[in-house]
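Engineer: Provided below are the primary sequence and the corresponding predicted coordinates.
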Amino acid sequence: MQDLRKGSTALLALHALAQEPMYGFQLVEALRERTGGVLTFAEGMLYPILHKLERDGLLASEWRPSAEGPPRKYYWTTPAGSDELERRRDDWQRFSSAVNAALDPRDADALVGARPGSGASHERARAASL
């Protein structure tokens, strides 16, 4: 799950921040809640991604006063970030659809049969040679 999370963190952050500006810990909690606790992010893991997205012009930020302690840095998507979110969302949907199709048992014979030397035809040929 770790590798899958790593590849989707920027997409999830862009999506959440397109809906409303948030500070780091708030984003961590929002992602945990939105994924039913399946995906959890440490702030230390998330901040480098937020900083990179900001350097790339996909996020903007500002410090805002907090009633409960020191000021907090809020992030939100820029117009370029919104465009990038759409591109990454489309890429993710194509990718996840392809993975789901590959894992669907109804498609297993078609996928296995498409590889040379495998699948039902290979099994029939092997059985016939015995």
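Structural biologist: Received it, and whenever you're ready, just let me know what you need.

Engineer: so where do the helices sit in the protein?
Structural biologist: 2-19, 24-34, 43-55, 79-103, 105-113, 119-129 (DSSP state H).

Engineer: Return the distance of the nearest residue to residue 92 once chain neighbours are set aside relative to residue 70.
Structural biologist: Nearest non-adjacent residue to residue 92, counting by CB to CB, 6 or more residues apart in numbering: residue 11, 5.8 Å away. Yep, even glycine has a C-beta here, placed from its N, CA and C like the rest. From residue 11 across to residue 70, the span is 29 Å (CB to CB, to the nearest Å).

Engineer: Between these two, which has more neighbouring residues?
Structural biologist: Taking other CB atoms under 10 Å, residue 11 and residue 70 do not tie; residue 11 has more neighbours (16 against 7).

Engineer: which ones are touching that one?
Structural biologist: 85, 88-89, 92 (CB atoms under 8 Å, 6 or more residues apart in numbering).

Engineer: Need the pLDDT of residue 13.
Structural biologist: Looking at residue 13, its pLDDT reads 97.

Engineer: could you measure it against residue 19, distance?
Structural biologist: Distance from residue 13 to residue 19, by CB to CB: 11 Å.

Engineer: Next one: the residue nearest to residue 92 from residue 59, what distance?
Structural biologist: In terms of CB to CB, residue 11 sits 13 Å off from residue 59.

Engineer: Apart from its chain neighbours, what residue comes closest to residue 88?
Structural biologist: Spatial nearest neighbour of residue 88, chain neighbours left out: residue 11 (4.6 Å); criterion: CB to CB, 6+ apart.
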